[in-house]
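> Attaching a predicted model along with its sequence, questions to come.
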Amino acid sequence: MDDMSAAHISKRDIVPEPQVRAALMLRENITDLIALAAVAEERSFTRAAARLNVSQSALSHTIKALEARLGLRLLTRTTRSVAPTLEGEDLLSTLNPCFEKIEARLLALNESRDQPTGTVRISATDYAIETLLWPKLAPVLREHPAVRIELVNDYGYTDLAASQCDAGVRYGDQVSEGMIAARIGPDERMICVGAPSYFEDRGEPEVPQELTDHSCVNLRLSNHGGLYAWEFEDPDGTEINVKVQGQACFNAIGPVMQAAIDGIGLALVPERLATRALADGRLRTCLEAYCPSFPGFHLFYPSRLRPSSAFQVVLEALRERS
């Protein structure tokens, strides 16, 4: 086809794809059906035109075009009023409930703009969930009925996208590129503990390196299945990592501490978690000088994330106050 021939093709000669035709038909029909419902409700073209903010002649043309496309008479017109025909009543009986549902939903969405709504899924360890997240988030659920929170127990460095989580919790503020870290907890300290009966039988290590001669309760990490290497720091600030051995191993910190209470071996646990057991004498500490404090829990989430109203409420509730 040459350029001259192409130039004579009008827009009417170009047939839209089926999807485009369907979309155009749907849009045209919805507009006309809204007009039909208004006329039927007002029983007047004049009042319906004013309600729809169109001219009476334009509204009349719209209804006639709809009737022509359907091949049906939808309205009976008299000099005094307008009323639906039987076919019009039948069509409106289907349309009106649909329009009411749509309108109700739009009103609900409009009202929810000031009411946080949505689901927030967070990956964290059971210790963080039990001691930090849940105490701060339980009031959020009571205050905001439309907010849903899902807390996923995980000891690995979770890939948020793969796990379909909105955020994760880990110690410190060092996070991957493209992430934002928000402090949500106080400084923490991991301490080495054991039952009094264990120390009576096996003695107390003087330096971290001596832990290799002791029975220790291990923590297995979920991200790669490896055992957690116990981390210490000498008085000069030099890091000391010790791989310990023992009879018991768990993939959650709660059972690790319980095994220590039962005298099975030494355990490295968060100090806050062991507070009660230390106070009532079920546990004792060792290697205190090698257990420094470090930055506590941080919530990390993608910098590209467009926070939902629910996420903003959760973040504000979790944020650590100095």
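Great, that's in hand. Residues are numbered from 1 along each chain as shown.
> how is this protein carved up into domains?
Listed by automatic domain parsing, the domain ranges of the chain are 3-112, 120-184+296-318, 188-294.
> average pLDDT across the second one?
Rounded to a whole number, the mean pLDDT of domain 120-184+296-318 is 85.
> Kindly report the same for the longest one.
Per-residue pLDDT values over domain 3-112 give a mean of 75.
> so who does the most centrally placed residue in the chain touch?
In the chain, the centroid-proximal residue (C-alpha atoms, centre = their mean) is Val120; its distance is 2.4 Å. Neighbouring residues of Val120 by C-beta atoms under 8 Å, 6 or more residues apart in numbering: Val147, Arg148, Ile149, Glu150, Asp166, Ala167, Ser308, Ala310, Phe311, Val314. C-betas here are computed from N, CA, C, even on glycine.
> With Gln56 instead?
Gln56 touches Phe45, Thr46, Ala49, counting by C-beta under 8 Å, 6+ apart.
> part of a strand, is Val244?
No: counting by DSSP: H, G, I helix; E, B strand; the rest coil, one finds Val244 to be coil, located in no strand.
> Kindly list the main-chain dihedrals of the nearest residue to it once chain neighbours are set aside?
Taking C-beta to C-beta, 6 or more residues apart in numbering, and ignoring the residues beside it in sequence, Val244 has Cys216 as its nearest neighbour in space, at 3.6 Å. Main-chain torsions, Cys216, degrees, to the nearest 10: phi -130, psi 150.
> now do Ala65
Main-chain torsions, Ala65, degrees, to the nearest 10: phi -70, psi -40.
> Burial check on it, number of neighbours?
13 (other C-beta atoms under 10 Å).
> does it really touch Thr31, like I thought?
No: in this structure, Ala65 is not within contact of Thr31 by C-beta atoms under 8 Å, at 10.4 Å.
> ok so, going back, quick one: the residue nearest to Val244 and Arg77, what's the gap?
91 Å (C-beta to C-beta, to the nearest Å).
> And for Ser293?
For Ser293, the distance to Arg77 equals 84 Å [C-beta to C-beta].
> again with Val140
Here the criterion is C-beta to C-beta. By it, Val140 lies 58 Å from Arg77.
> neighbour-wise, which of these two wins?
Set side by side, Val140 and Arg77 show more neighbours around Val140, with 18 against 13, by other C-beta under 10 Å.
> what secondary structure does the more buried one sit in?
Reduced to three states with three-state DSSP, the structure at Val140 is helix.
> so the residue of the chain positioned farthest from its centre, which of the three states?
Distance from the centre of the chain peaks at Thr79, with 59.0 Å (C-alpha atoms, centre = their mean). Three-state call for Thr79 (three-state DSSP): coil.
> residue boundaries of the helices in the stretch 201-322 of the chain?
Using DSSP state H, counting those that start in this stretch, the helices found in the stretch 201-322 of the chain span residues 253-261, 271-279, 309-318.
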